[in-house]
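S.K.: Turn this into a model:
(one chain, ligands or ions: 1)
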Amino acid sequence: MPEMSVARNELEHERRYVAGLYQRLDELRAEKQRQLDQVRRTTSSGSHQNRSERDAFATMYEDRLAQLNAVDDRLVFGRLDLDSGEERYIGRIGLSTEDLQQLMVDWRAPEAGTFYQATAFERMGVRRRRHLILSRRDVVAVEDDVLDASMLTDADSLQGEGALLAALNSRRTGQMSDIVGTIQSEQDRIIRAPLPGVVVVQGGPGTGKTAVALHRAAYLLYTHRDRLKSAGVLLVGPTNAFMKYIERVLPSLGETGVVMASIGSLMPGIQTVQEPSEEVAALKGRLDMAGVVKQAVANRQRIPAENRKLNVEGSILTLTPRQVRRARDRARATGKPHNEARTTFVKIMLRELTEQLTEQLEESSGAGNTADRSYLTEDVRTSRDVRIALNLAWMPMTPEKLLRDLFAKPAQLEAAAPHLSDAERQLLHRTEDAPWTEADVPLLDEAAELLGELDASAGRNAAEKEQERRRDIANAERTLENVSATLEDAGVDGVLSAEALADHNVVTETRLTAAERASGDRTWAYGHVVVDEAQELSPMQWRLLMRKCPLKSFTIVGDIAQTSSIAGSHSWQQALEPFVGERWQLEELTVNYRTPAQIAEAAVRMANAAGLVVSAPKAVRDGRWDPVIDRVPDLEPALLAALPEELEAIADGLLAVIAPARIIDQVRAAVTSVYGSRVGQGAGGPGQDIVVTTPREVKGLEFDGVVVLEPAEMLKQEAVRVGDLYVAMTRPTQRLRLISTGEIPEGIED
Ligand SMILES: Nc1ncnc2c1ncn2[C@@H]1O[C@H](COP(=O)(O)OP(=O)(O)OP(=O)(O)O)[C@@H](O)[C@H]1O
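M.R.: Model prediction:
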């Protein structure tokens, strides 16, 4: 047969197969919808068990339906032809026929691993790897890697090059997409690394660190469901804009159970802004701030300087410093947090004061008079003087109040941080009504740890809630016992047994509640934490994250060379040593998938000329353009003149104008005056194809075209690092233009 018609036949074959997969997906969807409607129609008889039975099923069906809907786009992307003769299709989820014939394997299943790992040198039983390139539901192309010995190629060559390049060249939308069809083997190794321990993924710009972090979260949830279903996975990124940029990736991989949070939003109920001063952020990020917070709490447990007279219903009692000190020491010895230990302190003090009162009354009314002690205790407890004295000695305290006072009242800061210089204390000073910042979050969390629940009854509520949750789970378990084997629930993998259904139900029940409950609970202990752009974290932020995962199971991704915050890290060793010692493992990503070679090389030359050692990942592709450089007398007219050309070059793709913070407002105003509502912030919103932003905000994002304004200023701003300019120059997927009224930093021009 001529080659062309072979190819056409193959394409036809795949089209038919893929159409069959979609048909099965639609059947499952319809079935789930029907089951959901039925459960919703069932009126509950009102008993707790019936209601929770119904809710458990409704939740399970909703969850499945959401998953089946989310995987519609490019449902399948690969096929393996194995030595055994088996043809194995790889897709976003597993699919089977009604009688349990496997139609497609989930990409995370062990049987799918070879799709990403097999090379011509190490075939792993694979004869041919086929990439299916879909547009919506239709197969538009197939691309084969033939791995048998007679066609031996370079083992390092990229897998599915055509599919990969098509993905890399596609226009950016302001929302990251998954890379599940084209994961490369160095990335796959990291995605499938074992769950325990700390894995650090270091890689230059565009090497897929964020992509790897997200796919790893999905992989871990799939592979270690049993361990992670109730504890959950936390994914932390640098900013809200970044979280928005990546928010669709996990659902498209069929995962909704990950708690995603920016570093500034980790204190439930507290809204934060960026810390306006870098120096303040660095100071608040220092590990010794933990000691300052600790001292501030201790200072709220005060010994009066002298005796104090207290009026209790006309009797005058004496409170001595010695009494307070003894009660304080005994309360501290409980090891409980401040607000909880206060109960002990108050109990001791009330007892002693009641004894004093009893003695006084006995003396005045003659020995042998046995006054009702409980009545006297009440008198002491409700005395205004006593209340004031006990509060002065041991004030109940919220983390917010502690920190507001600490930063607004110089005397308190001096008492808590005598080791700081006057200048440092001055940096921390601010008014009581100042907004919370990202750098405050670890301090608030630290304070919350040391203070504990404000209200003793809050502890009781938590205990009650926990009891209720156990009751719910017990109910769910009874529900499952009641499920008859005839209830053939067609799950994603076809008809399930009653046992599988039981498993599924428990998973669904606890996974959903885990994610929901975890995100509102400051003290939640996660089973795994993924940290993106981790180079920016201050030591105090690390300390906070380490508390969130007592098992110390972390995936940490970042690039030390891109650190732009002065609170951030200079080395992974330095960042992690205080928390996990040497117990972490470094993985590196070496290929730049985002930036064309000409632009990536200019960024590296610039970094090297500025004395920064950067890992220079190998760029996958050449671009059409060298970086364009404009030296101009006036910035704004030059920018406005350049924009039409840039927009045209990227054919209505996404364009970012990155400017130093000093001029960002005027630049935004100038661009908006011409382009109006097309101009957005962050990664851009719907209908917005131009973004005006600072290097700091652009971290982790990417655009088809980038215009960098005043590059020399971005370079100069950072005394020892070129982070900002390096970050800005490595954002484009197609085209870079630099506009400067001053110098062009060394190295950019070849
Ligand atoms: N295997 C792959 N297949 C297709 N696209 C990929 C692959 N790996 C990475 N990419 C794409 O390359 C771009 C850069 O990836 P990503 O944002 O994860 O890089 P990064 O290392 O986090 O970069 P930075 O450090 O600059 O934030 C993204 O568009 C991503 O989808």
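
S.K.: nearest spatial neighbour of the residue nearest the centre of the chain, skipping sequence neighbours?
M.R.: The chain has residue 236 as the residue nearest its centroid, 1.9 Å off, counting by Cα atoms, centre = their mean. In this structure, residue 236 finds its nearest non-sequential neighbour in residue 531, 5.0 Å apart by Cβ to Cβ, 6 or more residues apart in numbering. Placement of C-beta: from N, CA and C, glycine included.

S.K.: Tell me, how many residues neighbour the one you found?
M.R.: Per other Cβ atoms under 10 Å, the neighbour tally for residue 531 reads 24.

S.K.: Give me the local confidence score for it.
M.R.: pLDDT recorded at residue 531 is 96.

S.K.: I'd say it and residue 548 touch.
M.R.: No - using Cβ atoms under 8 Å, residue 531 is not in contact with residue 548; the gap is 10.2 Å.

S.K.: List the contacts of residue 107.
M.R.: By Cβ atoms under 8 Å, 6 or more residues apart in numbering, the contact set of residue 107 is 78, 90-92, 115, 180.

S.K.: Pull the most distant pair out of these.
M.R.: Pairwise distances across the contacts of residue 107 (Cβ to Cβ) peak at 12.8 Å, for the pair 92 and 115.

S.K.: Residues contacting the helix or strand the residue nearest to the centre of the chain falls within, please?
M.R.: For residue 236, the enclosing helix or strand under DSSP states H and E is strand 233-237. Applying Cβ under 8 Å, 6+ apart, the external contacts of strand 233-237 come out as 213-214, 217, 220-221, 243, 246, 250, 257-263, 266, 518, 526-533, 545, 548-549, 700.

S.K.: and those residues, which of them are in helices?
M.R.: Those of the contacts of strand 233-237 mapping onto helices are 213-214, 217, 220-221, 243, 246, 250, 518, 545, 548, per DSSP state H.

S.K.: The ligand next: which of the residues you listed are close?
M.R.: Restricting the ones in helices among the contacts of strand 233-237 to those within reach of the ligand (Cβ under 6 Å from any ligand atom) leaves nothing.

S.K.: Point out the least confident one among these.
M.R.: Minimum confidence in these sits at residue 518, scoring 76.

S.K.: wait, it sits on residue 259?
M.R.: Yes - using Cβ under 8 Å, residue 518 is in contact with residue 259, at 5.1 Å.

S.K.: Common neighbours of those two, please.
M.R.: 232, 234, 526.

S.K.: Work out the gap between whichever strand or helix holds residue 103 and the centre of the chain.
M.R.: Counting by DSSP H and E, the element that carries residue 103 is strand 102-106. Taking Cα atoms, centre = their mean, to the nearest Å, one finds the center of strand 102-106 at 30 Å from the center of the full chain.

S.K.: Can you name every helix or strand that that strand contacts?
M.R.: When contacts are defined as 3 or more Cβ pairs under 8 Å, 6 or more residues apart in numbering; DSSP states H and E, strand 102-106 sits against helix 3-41, strand 87-91, strand 95-96.

S.K.: The same query, at a cut-off of 6 Å, please.
M.R.: strand 87-91, strand 95-96 (3 or more Cβ pairs under 6 Å, 6 or more residues apart in numbering; DSSP states H and E).

S.K.: Neighbouring strands - and their directions - for the shortest one?
M.R.: I take that to be strand 95-96. Here strand 95-96 is paired, per DSSP bridges, with strand 102-106 (antiparallel).

S.K.: okay, the helices and strands packed on strand 102-106 in JSON lines with distance to residue 66, mean neighbour count and mean pLDDT next?
M.R.: What follows is these, written out as JSON lines (distance: least, Cβ to Cβ, whole Å; neighbours: other Cβ atoms under 10 Å; pLDDT from 0 to 100):
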{"stretch": "strand 87-91", "distance to residue 66": "17", "mean neighbour count": "21", "mean pLDDT": "95"}
{"stretch": "strand 95-96", "distance to residue 66": "17", "mean neighbour count": "22", "mean pLDDT": "94"}
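
S.K.: of all these, which lies closest to residue 690?
M.R.: Once the helices and strands packed on strand 102-106 are compared by Cβ to Cβ, strand 87-91 is nearest, at 36.2 Å.

S.K.: Report the inter-axis angle for the closest one versus strand 102-106.
M.R.: 50 degrees (axes from the mean of the first three to the mean of the last three Cα atoms, to 10 degrees).

S.K.: Strand 87-91 - contacts with which helices or strands?
M.R.: Against strand 87-91 (3+ Cβ pairs under 6 Å, 6+ apart) you get strand 76-82, strand 102-106.

S.K.: Please work out which of those is packed deepest.
M.R.: Ranked by mean neighbour count under mean count of other Cβ atoms under 10 Å, the helices and strands packed on strand 87-91 are led by strand 76-82, which reaches a mean of 22.

S.K.: now the angle between helix 3-41 and that one, please.
M.R.: Using the same axes, to 10 degrees: strand 76-82 against helix 3-41 is 120 degrees.

S.K.: returning to that earlier point: between the helices and strands packed on strand 87-91, which gets nearest to the ligand?
M.R.: strand 76-82 (10.9 Å; Cβ to the nearest ligand atom).

S.K.: Just checking the closest one against the ligand, any contact.
M.R.: No - Strand 76-82 stays clear of the ligand (Cβ under 6 Å from any ligand atom), getting no nearer than 10.9 Å.

S.K.: any weak-confidence spans in this protein?
M.R.: 1-6, 43-51, 149-163, 366-373, 455-515, 564, 716-722 (pLDDT under 70).

S.K.: domains for it, by residue range?
M.R.: Domains of the chain are assigned by the TED database as 1-159, 191-266+524-589, 278-451, 460-504, 597-740.

S.K.: what's the closest of the ones you listed to residue 184?
M.R.: Using Cβ to Cβ, these put domain 1-159 closest to residue 184, at 6.1 Å.

S.K.: Quick check: residues of this structure near the ligand?
M.R.: The chain comes close to the ligand at residues 164, 167-168, 179, 182-184, 187, 203, 205-211, 559, 562, 593-594, 700, 702, 730, as judged by Cβ under 6 Å from any ligand atom.

S.K.: Just the buried subset of the residues you listed, written out for PyMOL, thanks.
M.R.: Applying 16 or more other Cβ atoms under 10 Å to those, the buried members can be selected in PyMOL as follows:
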select buried, resi 164+167+168+179+182+183+184+187+203+205+206+207+208+209+210+211+559+562+593+594+700+702+730
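
S.K.: and the residue in the stretch 501-650 of the chain that the ligand sits nearest to, what is it in contact with?
M.R.: Going by Cβ to the nearest ligand atom, the ligand is nearest to residue 593 of the stretch 501-650 of the chain, at 3.5 Å. Applying Cβ atoms under 6 Å, 6 or more residues apart in numbering to residue 593 gives the contacts 168, 206, 208, 620.

S.K.: Could you rerun that using 7 Å?
M.R.: 168, 206-208, 620 (Cβ atoms under 7 Å, 6 or more residues apart in numbering).
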